[in-house]
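# Here's my sequence, what's the structure:
(chains A and B)
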Amino acid sequence: MSENYVPKSAVGKWFNDRLPLLNLIYGHLLPYPTPKNLNYWWTFGGILTFCLVTQIITGLVLAMHYVADADLAFASVEHIMRDVNYGWLLRYIHSNGASLFFMAVYIHMARSIFYGSYKEPRELIWIIGVFIFLLMIATAFMGYVLPWGQMSFWGATVITNLFSAIPLVGESVTNWLWGGYAVGSPLLTRFFTLHYLMPFLIFALVILHVWALHVPGNNNPEGINVVQGSQDTVPFHPHYVVKDMFALVVFLIVFAGFVFFVPNLLGHTDNYIEANPLQTPEHIVPEWYFLPFYAILRAVPDKLGGVILMVSAIAILAFLPWLDTSKVRSAKYRPLYRQFVWLFFANVILLGYLGAQTADGLFLIIGRIATVYYFAHFIIILPLLGYIEKTKPLPKSLSEPVLSPEERQMKAAASGASA
Amino acid sequence: MSEKQVTRRNFLYVTTGAFAAAGAASLAWPFVDQMNPDASVKALASTEIDLRPIIPGQSITVMWRGKPVFIRRRTQAEIDEAKKVNLADLPHPEEDSDRAQNPEWLVMVGICTHLGCVPLGQKGDYNGWFCPCHGSHYDTSGRIRKGPAPTNLEIPDYVFLNESTIKIG
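This is a model prediction of the structure:
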């Protein structure tokens, strides 16, 4: 697809003969054959790329004004908010951008789970995606520590203390992470460094993610294989460029709504109080996008057990292509999976709700049941469904499901005649 | 059979590789170790405290190595309560006499052994300390009684320099 591109300008031709970079970009962005029936759930890949670039650009300029020192960090963030020209805007875009980034990535993952996009031959795309998700978690957590408010400080304390659950070396590991005997300046400085680095690692993984995607091509709502370049595909440009742009504009309206009308809705008021190592806030909660995992951590009465289960909840995603034993990709043709997948989504949202509540009484009991169900979905329900579920017949092409019965007959007759 | 013979070339190949690996590993250490507590942090590793202003039933919190340390001058009732506990009832059995050099003075790191929050004093079901983060209850000797924390509140190394001064660390 990319080999035939010839730049129109003489300069472009001169450059491309020496470094075929334009070929590469052209092939992946313009004629790249895409299934013709992708719905709006498929636009979140583009939206996520936009989110990443936005975070990098706003983060870069915020770093020009931020000071990573325990005595100065909180004041420097207030300085950004009050004194720096448009500092309030840049910071609100960055902080709400993180939330919207996670909103988009959860939708993107849910789409993949619903339509079975992680299945053969796209396992590696999914696994690279899980690593991107892991890096996003680390980046967002470290970024949340930087303003050095009460939630920053105590969030960092609770999460770095998770490492103290490691048998034998736990204490040495936490002291090494802290660069001291408690959370303080050394930790803040190294978190800032890593927070700056990780988005670029994510960017590199995104390139691999897209590269791996463009080998087999996109999955689609029917979950069937389409032949690249057949009647079932359309060129990426203009069809999906325009569709992605439209979705992005709608997404930007939501984004702007948060930034300009409720910039602190998703944050916690305690983070506007400067970090105080002598006073723990009444109720420590992580950012909303970590709540399901936080609920799993607290569901276990044992410290090490809780940590192991929380890490497993994310790690198990990487094994999804093999835990799901069904050969049929799309939930559209899997009557049982279709119900279980909605139950799974509802359960994750329930865990998120529980993560924000105090871990005692009824909440704790429901939290434990929801945690067990989360893992049961992966290690009991998914492997079994592949064997017991009677799937619906798959269409032969993307056109077939949308044809009327008469058209379908005509088409069958035509193909019979030509055969 | 000749394929399996160890030649001079095999030997050089393996030893060169081993030296390169050992060299890379030893060079990696400074990059790892730079993150450990540095000399300036370690220099602050001990603190001296004057105990004279504290009356029975009063606690103070001092900073040691960036962590809060609780120093409580316990009342006789608290000491009696701590002493009469049956060790078999404790998740982490320790005698009160092993936790307080002088029963009147309880010195411990004010950090919940669960996930590092600062417990609140004279609260909870055992009239000792209570951690608001995940609900751990400690008794008047700082021993874990109820909740997710795995161990008792840590006792730092300290010595009585004289009757009214202690040195922590």
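# Pull up the gap between A:Tyr5 and B:Phe11, please.
Distance, A:Tyr5 to B:Phe11, by CB to CB, to the nearest Å: 52 Å. For glycine as for every other residue, the C-beta is placed from the backbone atoms N, C-alpha and C.
# When the two are compared, which one has more neighbours?
A:Tyr5 (17 against 10; other CB atoms under 10 Å in any protein chain shown).
# ok, that one - contacts?
Under the criterion of CB atoms under 8 Å, 6 or more residues apart in numbering or on different chains, the neighbours of A:Tyr5 are A:16, A:22-23, A:26-27.
# would it count as being in a strand?
No. The assignment for A:Tyr5 by DSSP: H, G, I helix; E, B strand; the rest coil gives coil, which leaves it out of any strand.
# Quickly note the distance from it to chain B.
Counting by CB to the nearest CB, to the nearest Å, the gap between A:Tyr5 and chain B amounts to 43 Å.
# As JSON lines, the contacts of A:Tyr5 with pLDDT would be great.
JSON lines is the format used below for the contacts of A:Tyr5 (pLDDT from 0 to 100):
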{"residue": "A:Asn16", "pLDDT": "90"}
{"residue": "A:Leu22", "pLDDT": "88"}
{"residue": "A:Asn23", "pLDDT": "87"}
{"residue": "A:Tyr26", "pLDDT": "87"}
{"residue": "A:Gly27", "pLDDT": "84"}
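# Which ones among these map onto helices?
Among these, the members falling in helices (DSSP state H) are A:16, A:22-23, A:26-27.
# Greatest separation within the contacts of A:Tyr5: which pair is it?
Every pair in the contacts of A:Tyr5 was compared (CB to CB); the two farthest apart turn out to be A:Asn16 and A:Gly27, at 12.1 Å.
# So for stretch A:274-287, mean pLDDT?
For stretch A:274-287, the per-residue pLDDT values average out at 88.
# can you give me the helices for the stretch 251-400 of chain A?
Counting by DSSP state H, counting those that start in this stretch, the stretch 251-400 of chain A has these helices, from start to end: A:291-299, A:303-315, A:320-323, A:335-355, A:361-376, A:382-388.
# scratch that, chain B is what I was asking about
Along chain B, the segments classed as helices by DSSP H run B:8-33, B:39-43, B:76-83, B:96-99.
# tell me, which of those helices is the model least confident about?
Averaging pLDDT over each of the helices of chain B puts helix B:39-43 lowest, since it has a mean of 83.
# what about it, distance to the chain center?
Taking CA atoms, centre = their mean, to the nearest Å, one finds the center of helix B:39-43 at 18 Å from the center of the full chain.
# Just confirm yes or no for that helix near chain A.
Yes. Residues of helix B:39-43 are located near chain A by CB under 8 Å from any CB of the partner chain, namely B:Val41.
# With only the CA atoms kept, save that helix in PDB.
Output in PDB follows, covering the C-alpha atoms of helix B:39-43 (Å, rounded to 0.1, in the frame of the first residue of the first chain):
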ATOM      1  CA  ALA B  39      24.300  10.900  53.400                       C
ATOM      2  CA  SER B  40      22.400  14.100  54.300                       C
ATOM      3  CA  VAL B  41      19.300  12.000  55.000                       C
ATOM      4  CA  LYS B  42      21.200   9.500  57.200                       C
ATOM      5  CA  ALA B  43      22.900  12.400  59.100                       C
END
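# Quick check: buried residues in that helix?
Buried residues in helix B:39-43, defined by neighbour count with 16 or more other CB atoms under 10 Å in any protein chain shown: B:Val41.
# So which elements touch that helix?
Helix B:39-43 sits against no helix or strand, with contacts defined as 3 or more CB pairs under 8 Å, 6 or more residues apart in numbering or on different chains; DSSP states H and E.
# Show me what from the stretch 51-200 of chain A comes close to chain B.
Taking CB under 8 Å from any CB as the criterion, the neighbours of chain B within the stretch 51-200 of chain A are A:154, A:157-158, A:160-162, A:164, A:175-184, A:186, A:190.
# Switch the helices of chain B over to TSV; also include distance to A:Tyr115.
Supplementary listing: the helices of chain B in TSV, determined by distance: least, CB to CB, whole Å:
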stretch	distance to A:Tyr115
helix B:8-33	43
helix B:39-43	52
helix B:76-83	61
helix B:96-99	59
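# which residue is nearest the middle of chain A?
A:Val105 (2.9 Å; CA atoms, centre = their mean).
# Next, the angle helix A:291-299 makes with the helix or strand in which that residue is found.
Remark: A:Val105 resides in helix A:87-114, with elements defined by DSSP states H and E. Helix A:87-114 and helix A:291-299 meet at an angle of 80 degrees, taking axes from the mean of the first three to the mean of the last three CA atoms, to 10 degrees as the criterion.
# ok and helix A:87-114 relative to helix A:335-355, angle-wise?
What separates the directions of helix A:87-114 and helix A:335-355 is an angle of 150 degrees, with the same axes, to 10 degrees.
# neighbours around residue 52, how many?
Here I'm looking at chain A. The criterion is other CB under 10 Å. On that basis, A:Leu52 has 20 neighbouring residues.
# Please refer instead to chain B.
A count of nearby residues for B:Arg52, using other CB under 10 Å, gives 9.
# ok, the closest residue to it other than its chain neighbours - contacts?
Leaving out its chain neighbours, the residue that sits closest to B:Arg52 by CB to CB, 6 or more residues apart in numbering or on different chains is B:Ser164, at 4.8 Å. Contact criterion CB under 8 Å, 6+ apart gives B:50-52 as the residues in contact with B:Ser164.
# List of residues touching the lowest-mean-pLDDT helix or strand in chain B?
Among the secondary structure pieces of chain B, namely its helices and strands, helix B:39-43 has the lowest mean (mean pLDDT, DSSP states H and E), a mean of 83. If you take CB under 8 Å, 6+ apart as the criterion, helix B:39-43 is touched by A:179-181, A:186, B:65-66.
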